[in-house]
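1. predicted model follows, preceded by the sequence.
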Amino acid sequence: MRPFSYVRAGDAGTAIALVRERPDSAFLAGGTTEVDLVRQDVLRPGLLVDINDLPLDGIEDLPDGGLRIGALARMSEVARAPGVMERFPVISQALVLGASAQLRNMASMGGNLCQRVRCSYFRDPASPCNKRDPGTGCSALDGVNRGHAILGTSDHCIATHPSDVAVPLTALDAVVHTSGPGGERAIGIDDFFLLPGDTPQREHPLEHGELITAIEVPGAPVARRSVYLKFRDRQSYEFALASVAAAIRIEDGTVAEVRLALGGVGTRPWRARRAEAALAGQPASAASFAEAARQELAAATPHPMNAFKVELAQRAIVRALNTLTDGER
Amino acid sequence: MSTDVVLPVTERGPEAGTAVLTVNGQVRELQVEPRVSLLDALREHLGLTGSKKGCDQGTCGACTVWVDGRRVLACLTLAVACEGREVTTIEGLAAAGELHPVQAAFVEHDAFQCGYCTPGQIMSAVKLLEEGHAGDDGEIAEWMSGNICRCAAYPNIRAAIRGVRDAAGSER
């Protein structure tokens, strides 16, 4: 592991100033991705600014029924917060189905959104990778890409976004709050996760030294009936091959409101807007669920090794909607 | 934010410097570089070799310790980041010469073969029981999934955890 310097910040202003001062510096929160990638020589920081003492770990219930989750709240704390479990079961479920108990105790919510891809070529400094070393090429395009994305890909990168909890946060139009050299701002989740395009090294719009302070989830009564389903190669402690966050409200047998997002198949957490539009006002039936899923995945660009994900993702959508509407169809 | 923020903080490294850790209730002073993991600090600097290095990348759980009472992975934790926090290792689980009930249950149920993952399994299992996630075998398997056993002693590990759970229940 390359040597680096370390400093612990006591307040956000100091942390931001310390990172801004040095181009090779980075914030350190839970460290579950960062320490691993530094050890593998994928990340090469000269200075890590430890932010774990900052008072950003609150989980608040908002008057509109929403949530304000501090950036340093740990995955395990958010998963078991009463307001999350009661009003946003899909968020709690996605958190518990991610990583392991130890990692969930360490990993922060802000860091979760910033976690790097699990593409084995990105994590191997000997392989060309446009995300790690822009312009060197994408080894996954013709490599081992069984776990890679089928939605939102480009000729420069097909790495899957690895987060589970970002999937329901995307379905629920969460807002990422930041503080940085330019002041404070709020970034809608659709604008936070960037498609790879021809700049896959740029995964989010944060400037150097810009710190995530909180994640806000707007009130959404529909989320009280919600579910996160995750399909993977082993039953626990594994990344998704396909996952779905779903929430639905049925009135008189038809779909009155629906939220859908996919994980494990997109280069970013994938809001299934085509499927949502296809379902609006339709009968809550297995047939309309399957048709909506078909329309969403029509845009998929699979490779031979990951073509199975096209069918898997559709079945995941149908399974989730069937699960939520059991007894009302 | 103004540009002349006062920085009342001390940058250290990249060379070794003094770090003060509280491990198993004892204050220990050691010379470490910031890049040294808590796991290497425990094993190589403090002689506490109970915590094991399996993968060194956060996938096996052999290095599971507690920081401020929560089970975490020592291989992905920097030693310097633990200053001011309480570190507990398998060596500090019970008083010298005694066994913690979970340690005794692992012996009773033969919950290991090679034993390499066992300290991590036990540090994880004690917390699993405290967290209330030992309801049935499915729940135990899910909440112990961060601790891999390549000898596949899982049935006996679950039996040991059930044994402690049931003994605690009968005391109430």
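-> Cool, the structure landed. Numbers count the residues shown, from 1 in each chain, chains lettered A, B, ... in the order given.
2. residue of chain B closest to chain A, please.
-> Going by CB to the nearest CB, chain A is nearest to residue B:146 of chain B, at 2.6 Å. Where C-beta positions appear, they are placed from N, C-alpha and C, glycine not excepted.
3. where's that residue relative to residue B:121, distance?
-> According to CB to CB, to the nearest Å, residue B:146 stands 10 Å off from residue B:121.
4. the residue of chain B closest to chain A contacts residue A:98, correct?
-> No: using CB atoms under 8 Å, residue B:146 makes no contact with residue A:98, being 11.3 Å away.
5. okay, those two: which has more neighbours?
-> Neighbour tally, residue B:146 and residue A:98, criterion other CB atoms under 10 Å in any protein chain shown: the higher count belongs to residue A:98, 27 against 23.
6. ok, that one to residue A:263 distance?
-> The value you get for residue A:98 to residue A:263, if CB to CB is used, is 10 Å.
7. ok, residue A:199 next?
-> 23 Å.
8. when the two are compared, which one has more neighbours?
-> Neighbour count, other CB under 10 Å: between residue A:199 and residue A:263, residue A:263 has more, with 34 against 15.
9. nearest residue to the middle of chain B?
-> Closest to where the C-alpha atoms of chain B average out (CA atoms, centre = their mean) is residue B:65, at 1.2 Å.
10. before we move on, what about chain A?
-> Note on chain A: the residue nearest the mean C-alpha position is residue A:166, at 2.8 Å, using CA atoms, centre = their mean.
11. which residue packs closest to residue A:64, ignoring adjacent ones?
-> The spatially closest residue to residue A:64, leaving aside those adjacent along the chain, is residue A:219, at 3.8 Å (CB to CB, 6 or more residues apart in numbering or on different chains).
12. in a strand, that neighbour, correct?
-> No: under DSSP: H, G, I helix; E, B strand; the rest coil, residue A:219 sits outside any strand and is assigned coil.
13. for it, give me its contacts.
-> For residue A:219, the contact set (CB atoms under 8 Å, 6 or more residues apart in numbering or on different chains) comprises A:62, A:64, A:65, A:66, A:87.
14. what about the helix ranked longest in chain B, near chain A?
-> What stands out as the longest helix in chain B, according to DSSP state H, is helix B:154-171. No: residues of helix B:154-171 are not located near chain A by CB under 8 Å from any CB of the partner chain, the shortest gap being 11.9 Å.
15. so what does that helix touch, helix or strand wise?
-> Where contact means 3 or more CB pairs under 8 Å, 6 or more residues apart in numbering or on different chains; DSSP states H and E, helix B:154-171 is packed against helix B:101-108, helix B:118-131, helix B:137-143.
16. could you say which of these is packed most deeply?
-> Ranked by mean neighbour count, the helices and strands packed on helix B:154-171 are led by helix B:118-131 with a mean of 23 (mean count of other CB atoms under 10 Å in any protein chain shown).
17. by how many degrees do it and helix B:101-108 diverge?
-> Angle of helix B:118-131 versus helix B:101-108, following axes from the mean of the first three to the mean of the last three CA atoms, to 10 degrees, is 130 degrees.
18. which strands and helices sit next to helix B:118-131?
-> helix A:101-106, strand B:64-67, strand B:70-73, helix B:101-108, helix B:137-143, helix B:154-171.
19. which residue is the nearest non-sequential neighbour of residue 11?
-> In the absence of a named chain, chain A is used. residue A:54 (6.6 Å).
20. please refer instead to chain B.
-> Going by CB to CB, 6+ apart, residue B:11 has residue A:7 as its nearest residue, at 4.3 Å.
21. who does that neighbour bridge with?
-> residue A:49 (DSSP bridges).
22. and the pLDDT for residue A:87?
-> The model reports residue A:87 with a pLDDT of 98.
23. and the average pLDDT for stretch B:150-163 is what?
-> 98.
24. would you put the C-alpha positions of that stretch in PDB?
-> C-alpha atoms of stretch B:150-163 as PDB (Å, rounded to 0.1, in the frame of the first residue of the first chain):
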ATOM      1  CA  ARG B 150     -13.900 -22.600   4.300                       C
ATOM      2  CA  CYS B 151     -14.100 -25.700   6.400                       C
ATOM      3  CA  ALA B 152     -17.900 -25.200   6.200                       C
ATOM      4  CA  ALA B 153     -18.500 -25.700   9.900                       C
ATOM      5  CA  TYR B 154     -21.700 -23.700   9.500                       C
ATOM      6  CA  PRO B 155     -24.100 -26.200  11.000                       C
ATOM      7  CA  ASN B 156     -22.100 -26.400  14.100                       C
ATOM      8  CA  ILE B 157     -21.500 -22.700  14.300                       C
ATOM      9  CA  ARG B 158     -25.300 -22.200  14.100                       C
ATOM     10  CA  ALA B 159     -25.800 -24.900  16.800                       C
ATOM     11  CA  ALA B 160     -23.400 -23.100  19.100                       C
ATOM     12  CA  ILE B 161     -25.200 -19.800  18.600                       C
ATOM     13  CA  ARG B 162     -28.600 -21.500  19.200                       C
ATOM     14  CA  GLY B 163     -27.200 -23.000  22.400                       C
END
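25. for that stretch, buried residues please.
-> Buried residues in stretch B:150-163, counting neighbours by 16 or more other CB atoms under 10 Å in any protein chain shown, are found at B:153, B:154, B:156, B:157, B:158, B:159, B:160, B:161, B:162, B:163.
26. residue A:204: what's it in contact with?
-> Shown in contact with residue A:204 (CB under 8 Å, 6+ apart): A:113, A:114, A:192, A:193, A:194.
27. now pLDDT, secondary structure and distance to residue B:97 too, for those, in JSON lines please.
-> JSON lines is the format used below for the contacts of residue A:204 (pLDDT from 0 to 100; DSSP: H, G, I helix; E, B strand; the rest coil; distance: CB to CB, whole Å):
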{"residue": "A:113", "pLDDT": "98", "secondary structure": "helix", "distance to residue B:97": "48"}
{"residue": "A:114", "pLDDT": "98", "secondary structure": "helix", "distance to residue B:97": "46"}
{"residue": "A:192", "pLDDT": "98", "secondary structure": "helix", "distance to residue B:97": "55"}
{"residue": "A:193", "pLDDT": "98", "secondary structure": "coil", "distance to residue B:97": "55"}
{"residue": "A:194", "pLDDT": "98", "secondary structure": "coil", "distance to residue B:97": "58"}
